[in-house]
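[1] Next come a sequence and a model predicted from it.
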Protein chains: 2
Amino acid sequence: MARKTVLALTVFLSLISASCAQTRPDPLPSWNEGPSKRAVLDFISRTTTRGGKDFVPEDERIATFDNDGTLWVEQPMYTQMAFALDRVKQLAPSHPEWKDQQPFQAALAGDMKAVAASGEHGLMELIMATHAGMTTDEFERTITNWLATAQHPRFKRPYTECVYQPMLELLALLRASGFKNYIVSGGGVESMRPWAERVYGIPPEQVIGSTIKTKFEMQNGTPVLVRLPQLDFVDDKEGKPVAIERVIGRRPIAAFGNSDGDLQMLQWTAAGPGARLMLIVHHTDADREYAYDRQSSFGRLDKAMDEAAAKHWVLVSMKDDWKTIFAFEK
Amino acid sequence: MARKTVLALTVFLSLISASCAQTRPDPLPSWNEGPSKRAVLDFISRTTTRGGKDFVPEDERIATFDNDGTLWVEQPMYTQMAFALDRVKQLAPSHPEWKDQQPFQAALAGDMKAVAASGEHGLMELIMATHAGMTTDEFERTITNWLATAQHPRFKRPYTECVYQPMLELLALLRASGFKNYIVSGGGVESMRPWAERVYGIPPEQVIGSTIKTKFEMQNGTPVLVRLPQLDFVDDKEGKPVAIERVIGRRPIAAFGNSDGDLQMLQWTAAGPGARLMLIVHHTDADREYAYDRQSSFGRLDKAMDEAAAKHWVLVSMKDDWKTIFAFEK
C-alpha cells in the first residue's frame, strides 16, 4: 500500500513535471517548508553536485536509518514485542507449562505490567521462546504470515502501513540521489528483512539489526540454518557503530534516529570529514501519532536531544515539520 | 597492476569487437576451452536470459567467493599470517618480553616449525598481538602500508598481484552480468577491505570475513572503534553460511571455493531452487603456482572434492583450465 502510494505519487509528480517543465516537483511533499526540510535538501544538493566542495562520490553515499520510531511507529510497544506476545498465544497449546510460568503466564493474560516486571531476563525469555528453535526459512514465513493479519492497536492498520510518509519520501529521494540506504536497528534483522524491500525499498543486504546465534546443520540431507536461543549481538547504542563498521565497512555520511539508542550512530557519522547530515525525529504529535521524549520508558530521547542542540543536528518536530505522517491519512 | 591489465584487456577487447562486429569477444580469455569454461558461460547465459526458464532477477544474482586459494595465492602461508610475522618484528622493540616467549620467539627467529608447534592457541596469540589494540582507522593504515612493500616469497611481487587472472575475468563478467560479488573468507574482514575494491572491484560492504570484537569509545572527544584481542566470529566451514545469512540475508546462486573450508558454503548455495553454479578451484599446477589437495596442511581439498564429483560441481584444474594464472606472466 505504502509502495503503491509512492508509485502513484511519482507518476503524479512526473505528470506535473511534464506539463510545466519550468517548475521542478517537490521531492518531499509531505514535509512543511522550514529549516528541517531546507537542511535535508541542502545536504543532498551539496553532496551530489559534481565539482562542488562537498561533493561525495556515489559509492561513499551511505545513509543509515534506525527503524522503530524513525521509519515506523514504536508505540505503544515495539512491533517485534507485539509479534512475540501473539506468538506466545499461538504456541501455548504445545507449552502447557507456560500457564504457571512467568513471563509467559502474564503474556497469555495480556498483563503488560507483569510482563514488564519480569525485567530484561523475562523479555529475553519471551524473545527466545518465539524467535528461536526453527530454521531461518521457517522464521521468515512466520513473520510474513503474522504481518499479513496483525494490526496496530490504535491505527487498526497493518504495521507495515504505520510507516512515516515523509521518511518514505526521504528514502526515495536519497536513493534517486545515488545514496545507499541502510536500516541499522535494535530490532532483529530477520524480523525486518521479509518486508523492508517492499515497504522501504531497502533490500535484505542493507538491513542491519540484532541477531541471535544460528547453526548450520544437515536435516535429512538438506542444509539448514537453525535459530538458537542465544543472543549473538545487540545492535543498539554503542553496538550501532560496531555493526556499521563490521557489515558496511564505511562510515555513513548521513544518519537518522529518534532516541538515545541512536546517539552513538549519530556521533560516529558526525565525526567523519566533509558534509554530514545528522537528523533526529522528535515525537511531538500526540494527536496524529504520539508525543514522548526525555522520560519515555522506551524510545527515550534525552542525551541525544541535548547533543542535537549543542551540535546543531537537525531536530525534526513531527507536529510542525510533517504535513502528513501516514499515507493512510490522505 | 592487475586492474590496469583488466582495463587494457577491456580496451583491447572493445577494439576487436568494434572491428569485427560479427564476432563477440571472449569474456574469459585466460580460460582454456573445455567443460569448466562452458559450464560457467552457460550458467551466466541461462540466469540472465529474460524469459528463459532459469532467469534470475538482477537483485537475486548473488555470487560468493572464498579469497585465499580461490582469488589469490595461499601458499606457502596465508598472506595474513605473513603480515602477522612481519608485524611481530616491527613491534618487537616495544615488547622485549617476546624474546623469551613462544610463539613470539619463534616468529622473530623465522622458525615456522616452532610457530606451527604452538598450535591454534599460539597462532591466536600472534594474531591478537598484531591485529588488536588499535583503532579500526589505524589498522587500515597498517595493512595498506604493509601491502605497499611486502612481497610474495616465491613470486617476488606484491601480494595484490598474486591474484588469479581467470578469476578477475570471471568477477568482471559476473559484475557486467548484473551479479553482486561477495568475498566470504576465513581471513579478517578488515585485512581485506583496504584493497579488495582496487584489486577485485569488490567494495567494502561486499567483503565478509572473520572478525575480532571492537568497542566504541570516546578518545579526547572523538568517537573511535578500538579493536579488542577477542575473537568475535570465525568465517570458515559452517560459519560461512551463517555469515552469508547474517550479512546478506539472501542465498547465493553461485559460490566459488578451493577447500573443505568452503564445503558448507557450496552446499548452502546448491540447496536453493533454480539454476546454481558451484565451482572449486583445484590447485594442480606446481610449475606455475602450487599443487596440493587432500593431504595439505591448509587449503585441504578432500571432502569437498568427493562432493564435487558426486554432485557434478565444476572442478577447475588450474593446470588444464587456465591459460594464464597471473597477469604478470604475460
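    That came through, no problem. Since the structure is predicted, the reported quantities are computational estimates derived from the model, not experimental observations. Numbers count the residues shown, from 1 in each chain, chains lettered A, B, ... in the order given.

[2] residues in contact with the closest residue to residue A:105 other than its chain neighbours?
    Leaving out its chain neighbours, the residue that sits closest to residue A:105 by C-beta to C-beta, 6 or more residues apart in numbering or on different chains is residue A:99, at 6.2 Å. Heads up, the C-betas are built off the backbone N, CA and C, glycines and all. By C-beta atoms under 8 Å, 6 or more residues apart in numbering or on different chains, the residues touching residue A:99 are A:92, A:105, A:108.

[3] Where does the second one sit: helix, strand or coil?
    Which is residue A:105. helix (DSSP: H, G, I helix; E, B strand; the rest coil).

[4] what number of residues lie near it?
    When neighbours are counted by other C-beta atoms under 10 Å in any protein chain shown, residue A:105 registers 17.

[5] Assess the claim that it and residue A:97 are in contact.
    No. When contacts are counted by C-beta atoms under 8 Å, residue A:105 is not listed as touching residue A:97 (10.0 Å).

[6] how about the strands in chain A?
    Ranges of strands within chain A are A:62-65, A:180-188, A:207-219, A:222-233, A:254-257, A:277-284, A:291-292, A:314-317, based on DSSP state E.

[7] Pick the most buried one from those strands.
    strand A:254-257 (a mean of 28; mean count of other C-beta atoms under 10 Å in any protein chain shown).

[8] For chain A, what lies in contact range of chain B?
    With C-beta under 8 Å from any C-beta of the partner chain as the criterion, chain A meets chain B at residues A:59, A:136, A:180, A:189-190, A:193, A:203-205, A:207, A:211, A:214-217, A:222-223, A:225, A:238-239, A:241-242, A:245-250, A:264, A:267-268, A:271.

[9] Which residue ranges of the stretch 1-150 of chain A form helices?
    Taking DSSP state H, counting those that start in this stretch as the criterion, the stretch 1-150 of chain A contains helices spanning A:2-19, A:35-48, A:79-91, A:104-109, A:112-117, A:119-131, A:136-149.

[10] Closest one of the contacts of residue A:99 to chain B?
    When those are compared for distance to chain B (C-beta to the nearest C-beta), residue A:92 wins out at 29.0 Å.

[11] Just the pLDDT at residue A:24, thanks.
    With respect to pLDDT, residue A:24 scores 82.

[12] wait, residue A:12
    For residue A:12, pLDDT reads 52.

[13] in the sheet, who's paired with residue A:184?
    Note on residue A:184: beta-bridge partners residue A:208, judged by DSSP bridges.

[14] quick revisit: okay if I get the strands of chain A as a markdown table plus mean pLDDT?
    Shown next, in a markdown table, are those (pLDDT from 0 to 100):
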| stretch | mean pLDDT |
| --- | --- |
| strand A:62-65 | 99 |
| strand A:180-188 | 98 |
| strand A:207-219 | 98 |
| strand A:222-233 | 97 |
| strand A:254-257 | 99 |
| strand A:277-284 | 98 |
| strand A:291-292 | 98 |
| strand A:314-317 | 98 |
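
[15] Any chance of these in TSV with distance to residue B:296 as columns?
    Output for the strands of chain A, formatted as TSV (distance: least, C-beta to C-beta, whole Å):
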stretch	distance to residue B:296
strand A:62-65	40
strand A:180-188	39
strand A:207-219	23
strand A:222-233	25
strand A:254-257	46
strand A:277-284	51
strand A:291-292	60
strand A:314-317	56
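
[16] closest one to residue A:122 among the ones you listed?
    Nearest to residue A:122, of all the strands of chain A, is strand A:222-233, at 14.1 Å by C-beta to C-beta.

[17] how much does that closest one deviate in direction from strand B:222-233?
    140 degrees (axes from the mean of the first three to the mean of the last three C-alpha atoms, to 10 degrees).

[18] what residue ranges in chain A score low on pLDDT?
    A:1-22, A:330 (pLDDT under 70).

[19] The same query, at a cut-off of 50, please.
    A:1, A:15, A:17-18, A:20-21 (pLDDT under 50).

[20] Give me the residue at the spatial middle of it.
    residue A:67 (1.1 Å; C-alpha atoms, centre = their mean).

[21] residues contacting the nearest residue to that residue once chain neighbours are set aside?
    Leaving aside its sequence neighbours, residue A:67 sits nearest to residue A:185 (C-beta to C-beta, 6+ apart; 3.8 Å). Neighbouring residues of residue A:185 by C-beta under 8 Å, 6+ apart: A:66, A:67, A:68, A:192, A:207, A:208, A:209, A:210, A:235.

[22] again, but for residue A:195
    Contacts of residue A:195 by C-beta under 8 Å, 6+ apart are A:143, A:144, A:147, A:160.

[23] Count the neighbours of the second one for me.
    Taking other C-beta under 10 Å as the criterion, the count of residues near residue A:144 is 11.

[24] again, but for residue A:248
    21.

[25] Next: residue A:29.
    Neighbourhood size, residue A:29 [other C-beta under 10 Å]: 14.

[26] What of the one 3 residues further on?
    The burial count assigned to residue A:32 is 15, neighbours taken as other C-beta under 10 Å.

[27] so it touches residue A:323, yeah?
    Yes. Contact criterion C-beta under 8 Å: residue A:32 and residue A:323 qualify, at 5.3 Å.

[28] how many neighbours does the residue nearest to residue A:78 when sequence neighbours are not counted have?
    Leaving aside its chain neighbours, residue A:78 sits nearest to residue A:68 (5.5 Å; criterion: C-beta to C-beta, 6+ apart). Residue A:68 is flanked by 22 other residues according to other C-beta under 10 Å.
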